[in-house]
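Trainee: Sharing a model prediction with you, sequence too.
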Amino acid sequence: MHPLIAHIGHFPVYSYGFLLAVAILTSSYLLARDAARIGIARDVIYDLVFWVVISGICGARLFYVGLNLEFFMAQPLEILMLQKGGLAWQGSFAGGLAGTIIFTRKHGLALWPLLDTAAPYIALGHAIGRIGCLLNGCCYGKAAAWGLYFPVWEERLIPTQLFMSLAQLFIFFLLRLFQRREGFQGRVFVLYLLFSSIERFGIEFFRADHELYFGLSIFQYVCVSIFFIALAIYARLKNKY
């Protein structure tokens, strides 16, 4: 694995931070390209992405810090070291969604068409970001003879990061297919929530970096909650439209 890609002068370039930047830039560009179909200018999308990235990163970091509070209490400066990893998808989703809702209300934009347009690119960004996790060595799986060797852990581990990346890439293509079909507003975004919560719930059984509570990780409980909330929203939107 390669947590550190290179140095630019005295500035270190970490693989996790680099891939996170690539994910954001790629998804932003594609979303801005498609936003014209729902009457939103590129500049508005780039403004939206800026605030969503800020709120999403804050939410992701706060959630991760909360789960590892003892470590960060002992080393508080590590809270700022985002380039080393430590962003939770669930927190990122909550923060990013909150930022999106606030932005759309402030600018008078329709929420559901925007979320439907963005959903595939959220999955694509997630897929790219997980490669950063693989190179960084975080979000690792259980020990397995057939796994990849992680020098940072000096052990062969199940490459759950790679599996999550491939799963999100599959979700990206699946959501793009649903975008081409007629359906009610909000359907594509809610399907993203359903597919992603199922994916993460299943992958968690192969992870080795989380404590279990009654046989499941905290992330699995959150995924179950997201899944059933998404089902309820799906039913309500379908009946509404």
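Mentor: Right, received. Where do you want to start?
Trainee: Just to check, Y192 is in contact with G125?
Mentor: No: between Y192 and G125 there is no contact under C-beta atoms under 8 Å: 11.6 Å. Where you see a C-beta, it was placed from the backbone N, CA and C, and this is true even at glycine.
Trainee: Please, where are all the strands along the protein?
Mentor: Assigned by DSSP state E, the strands in the chain fall at 4-8, 11-14, 143-150, 155-157, 212-213, 216-217.
Trainee: Let's see the distance spanning stretch 62-80 from one end to the other.
Mentor: Taking C-alpha to C-alpha, to the nearest Å, stretch 62-80 runs 11 Å from one end to the other.
Trainee: Tell me how many other residues crowd the residue nearest to Y221 when sequence neighbours are not counted.
Mentor: Sequence neighbours aside, Y213 is the residue nearest to Y221 in space, at 7.6 Å (criterion: C-beta to C-beta, 6 or more residues apart in numbering). Neighbour count for Y213, taken as other C-beta atoms under 10 Å: 10.
Trainee: who's Y213 bridged to?
Mentor: Bridge pairing for Y213 (DSSP bridges) gives the partners L216.
Trainee: do you know how far it is from I233?
Mentor: Distance, Y213 to I233, by C-beta to C-beta, to the nearest Å: 26 Å.
Trainee: Check which helices and strands the worst-scoring helix or strand of the chain on mean pLDDT is in contact with.
Mentor: Lowest on mean pLDDT, DSSP states H and E among the helices and strands of the chain sits helix 69-74, with a mean of 76. Using 3 or more C-beta pairs under 8 Å, 6 or more residues apart in numbering; DSSP states H and E as the contact test, no helix or strand touches helix 69-74.
Trainee: Do you know the pLDDT at the residue nearest to Y221?
Mentor: At Y213, the model reports a pLDDT of 85.
Trainee: same check, this time on I218
Mentor: At I218, the model reports a pLDDT of 85.
Trainee: Who are the contact partners of it?
Mentor: 67, 210-211 (C-beta atoms under 8 Å, 6 or more residues apart in numbering).
Trainee: Please indicate which of these are buried?
Mentor: Buried subset of the contacts of I218 (neighbour count, 16 or more other C-beta atoms under 10 Å): L67.
Trainee: Which of the contacts of I218 fall in helices?
Mentor: Counted as lying in helices by DSSP state H, out of the contacts of I218, are L67.
Trainee: between the contacts of I218, which is nearest F173?
Mentor: H210 (28.4 Å; C-beta to C-beta).
Trainee: State the number of residues packed around the nearest residue to that closest one once chain neighbours are set aside.
Mentor: Nearest residue to H210 in three dimensions, chain neighbours excluded: S217, at 4.0 Å (C-beta to C-beta, 6+ apart). Using other C-beta under 10 Å, S217 has 19 neighbouring residues.
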